[in-house]
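Asks: give me the fold of what follows.
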Amino acid sequence: MYDFSVRQLICLHLAKYSHLDPGMEFGAPMEITQDGVAAAAGITRAHACTVLLRLEKNGEVAIGLSRIKGSNCRVKRKVYFLTALGRERTERLLSDLRASGVPDSELSTPPTVSRMSSDMMRGLPPEDRDAVGMLCVLRHTAARKDLDHVPHGLMFDGKGLLVLKEEAKRRFVETGSEEDLRRWHSLAADLCISKDDLIAERLHHLRAAGRRREASKLVLGNIRRLEEDPGSLDDLIGLCRETDDPELFPVTAAIALRAGEPEKARLALGTRDAKAHGATMSEILLAEGDSGKALDLALENYSGDAMGALALGKAMAAAGRHEEALTYLTASRRRMVESGNLFRMDEVLEAESESNRALGRNERADALMKAAEASRRRPPDPVRKAQRTVFPLSTSRSEIYSSLISLMFHLSIASLSNPNPHARTGIFTPRGSSTSGLKIPAPPSSIHLPLKNTSSSSEGSV
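Replies: Model prediction:
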């Protein structure tokens, strides 16, 4: 293209819209706003504003007010048109250049990205092409301030947000190879790295870029945030199929179950060994309504961990065995507090509340339900950044944590050591006893309850 000055570029750009009525108040194209003029001339909006004011003083440009086509904003914006004097000077400039031997192909301003042909998109400089490709694969609207490099031909609205038609994004993405797409997704993932509200977006791009190890770490460190975004579930399931991270499968299945999607929870586990994820499979069966199989599987795979105790407690409650359910739910709660991982604490407290209510202990049930509701609340922003999903053992970190500690010592909820029922019957026998020649691990030798009006050393044994 011929080396035009900024003023000449702006006049050439506005000359393309000379057919528009300067008095129009609705449906003006974005290209004749300050943002559109800046994008066409490859300059900043502030620079475009300064040059347009000079052209207006010279009588070459007229200013109007109009609503912009395709914009949700009802406020009218300034739009710019060439006056008769401006058109005359622009035509004279073009005539002089043609007379001097400049070909017509160099006498027009390059189009914006939205108006480029596929061949022009492929012909962009590598740096510009990567920047535009990154913006085209993004699922949220990018802001100018977030970009280190702003390619020529991109338009931004008055708030600095990118204006790019979906059809143009689709066409641009179609011009890229598989390697291009992975690179664009990788750039998009890096753009989201410092934004806590774009965790699901970053996960999507990391997976598309083939950076699966980083994606797995991102999931395990931001479980609560991903749970709040329903759109992340498909990416989580896809990541489970593409990686062998054993910690990822039960987490994804749990998120799917909490979203009421047992089918997707099954997809997360895939065809993996049921014994390795017996507790999770038990919860899936329970969600599908098969409480009998769920209880059998939970009993068979119980190993004393928090998730196994939760699954067994819920299965016991579904079978109407609420006293036994409370034993395991309390164990699950205690193990979660000990480990500092409170991801599913609200489920434990809610299940405990339901079992206590079924046993007529309404006051305790109400207190547990309030604690469950508190555990679902997100802490303030500074706390979120520090705790993610695994919470440090510090009462100053979280209002939720202190309420759970309070429950442990003031609700008089039974404690337990290490229950382990018979794999088939679930019947407890004293430690070291035998049935049919087989050793059966026993539950705790006693369940301790604090006694009122006694010394600190006295305990009651049930």
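
Asks: check the residue nearest to residue 184 when sequence neighbours are not counted and give its pLDDT.
Replies: Spatially, and ignoring its direct neighbours in sequence, residue 184 is nearest to residue 133 (3.8 Å; C-beta to C-beta, 6 or more residues apart in numbering). (C-beta placed from N, C-alpha, C; glycine too.) At residue 133, the model reports a pLDDT of 95.

Asks: show me what contacts residue 133?
Replies: When contacts are counted by C-beta atoms under 8 Å, 6 or more residues apart in numbering, residue 133 touches 172-173, 176, 180-181, 183-184, 187.

Asks: just those residues now: which is nearest residue 158?
Replies: Nearest to residue 158 among the contacts of residue 133 is residue 172, at 24.1 Å by C-beta to C-beta.

Asks: hmm, residue 281 and residue 298 touching each other?
Replies: No: using C-beta atoms under 8 Å, residue 298 is not in contact with residue 281, being 9.0 Å away.

Asks: looking at those two, which is more packed in?
Replies: Legend: neighbour count by other C-beta atoms under 10 Å for residue 298 and residue 281, higher for residue 298 (28 against 25).

Asks: figure out the helix or strand that the residue nearest to residue 184 lives in.
Replies: Residue 133 belongs to helix 126-137 when elements are defined using DSSP states H and E.

Asks: residues in contact with whichever helix or strand comes after that helix?
Replies: Counting by DSSP H and E, the next helix or strand C-terminal to helix 126-137 is strand 155-156. Contacts to strand 155-156, defined as C-beta under 8 Å, 6+ apart, come from residues 30-31, 35-36, 38-39, 45, 112, 114, 143-144, 162-164.

Asks: okay, which residue is most central for the protein?
Replies: By C-alpha atoms, centre = their mean, the mean C-alpha position of the chain lies nearest to residue 200, the distance being 2.3 Å.

Asks: now the helix or strand that that one is a member of, how far from the chain's geometric center?
Replies: Per DSSP H and E, residue 200 falls inside helix 199-208. Helix 199-208 sits 8 Å away from the centroid of its parent chain (C-alpha atoms, centre = their mean, to the nearest Å).

Asks: just checking, next helix/strand downstream of the longest helix along the chain?
Replies: In the chain, assigned by DSSP state H, the helix with the most residues is helix 322-339. As assigned by DSSP H and E, the chain's next helix or strand after helix 322-339 is helix 345-358.

Asks: in the helix or strand that that next one is followed by, what counts as buried?
Replies: Sequence-wise, the next helix or strand downstream of helix 345-358 (DSSP H and E) is helix 362-376. For helix 362-376, a neighbour-count test (16 or more other C-beta atoms under 10 Å) marks 364-365, 367-369, 371-372, 374-375 as buried.

Asks: what do you get for stretch 216-225?
Replies: 216, 218-220, 222-225.

Asks: what lies in contact with that stretch?
Replies: With contacts defined as C-beta under 8 Å, 6+ apart, stretch 216-225 is touched by 196, 199-200, 202-203, 206, 226, 236, 239, 243, 245, 247-248, 251-252, 255, 343, 378, 388-389.

Asks: cutoff 7 Å now
Replies: Stretch 216-225 is touched from outside by 199, 202-203, 206, 226, 236, 239, 243, 245, 247-248, 251, 343, 388-389, with contacts defined as C-beta atoms under 7 Å, 6 or more residues apart in numbering.

Asks: can you give me phi and psi for residue 64?
Replies: Here is the backbone geometry of residue 64 (degrees, to the nearest 10): phi -130, psi 180.

Asks: who does it bridge with?
Replies: Beta bridges link residue 64 to residue 79, judged by DSSP bridges.

Asks: what's near enough to touch it?
Replies: Contact analysis of residue 64 by C-beta under 7 Å, 6+ apart lists 22-24, 79, 81.

Asks: cool, and residue 102?
Replies: Residue 102 sits in contact with residue 2, where contact means C-beta under 7 Å, 6+ apart.

Asks: helix or strand: which one has it?
Replies: Applying DSSP H and E, one finds residue 102 in no helix or strand.

Asks: for it, give its distance to residue 345.
Replies: According to C-beta to C-beta, to the nearest Å, residue 102 and residue 345 sit 73 Å apart.

Asks: and what of residue 122?
Replies: Residue 122 is 53 Å from residue 345, where distance means C-beta to C-beta.

Asks: ok, now residue 66?
Replies: 55 Å.

Asks: neighbour count for the two, which is higher?
Replies: Higher neighbour count among residue 66 and residue 345: residue 345, with 24 against 21, using other C-beta under 10 Å.

Asks: surely the more buried one touches residue 336?
Replies: Yes: judged on C-beta atoms under 7 Å, residue 345 makes contact with residue 336 at a distance of 5.6 Å.

Asks: tell me, how many neighbours does the residue lying closest to residue 318 once chain neighbours are set aside end up with?
Replies: Leaving aside its chain neighbours, residue 318 sits nearest to residue 291 (4.2 Å; criterion: C-beta to C-beta, 6+ apart). Residue 291: 18 surrounding residues under other C-beta under 10 Å.

Asks: quick one: residues contacting residue 291.
Replies: Per C-beta under 7 Å, 6+ apart, neighbours of residue 291: 315, 318-319.

Asks: residues touching the host helix or strand of residue 53, excluding its own?
Replies: Per DSSP H and E, residue 53 falls inside helix 45-57. Applying C-beta under 7 Å, 6+ apart, the contact partners of helix 45-57 are 6-7, 10, 34-35, 37-38, 41, 61, 63, 80, 86.

Asks: kindly recompute the last result at 8 Å.
Replies: The contact list for helix 45-57 (C-beta under 8 Å, 6+ apart) reads 6-7, 10-11, 34-35, 37-38, 41, 43, 61-63, 80, 86, 156.

Asks: so is residue 172 in a helix, a strand, or just coil?
Replies: Taken by DSSP: H, G, I helix; E, B strand; the rest coil, the conformation at residue 172 corresponds to helix.

Asks: report the two of the contacts of helix 45-57 separated the most.
Replies: Using C-beta to C-beta, those span at most 24.8 Å, a distance reached by 86 and 156.

Asks: which stretches of the stretch 201-350 of the chain aren't confidently modelled?
Replies: Flagging of the stretch 201-350 of the chain using pLDDT under 70 yields the residue ranges 272-275.

Asks: apply 80 and report the result again.
Replies: Within the stretch 201-350 of the chain, the segments meeting pLDDT under 80 span 271-276.

Asks: which stretches of it form strands?
Replies: Applying DSSP state E, counting those that start in this stretch to the stretch 201-350 of the chain gives no strands.

Asks: can you map out the helices along it?
Replies: Assigned by DSSP state H, counting those that start in this stretch, the helices in the stretch 201-350 of the chain fall at 212-221, 223-227, 232-242, 248-258, 262-269, 278-287, 291-301, 306-318, 322-339, 345-358.

Asks: noted, bye for now.
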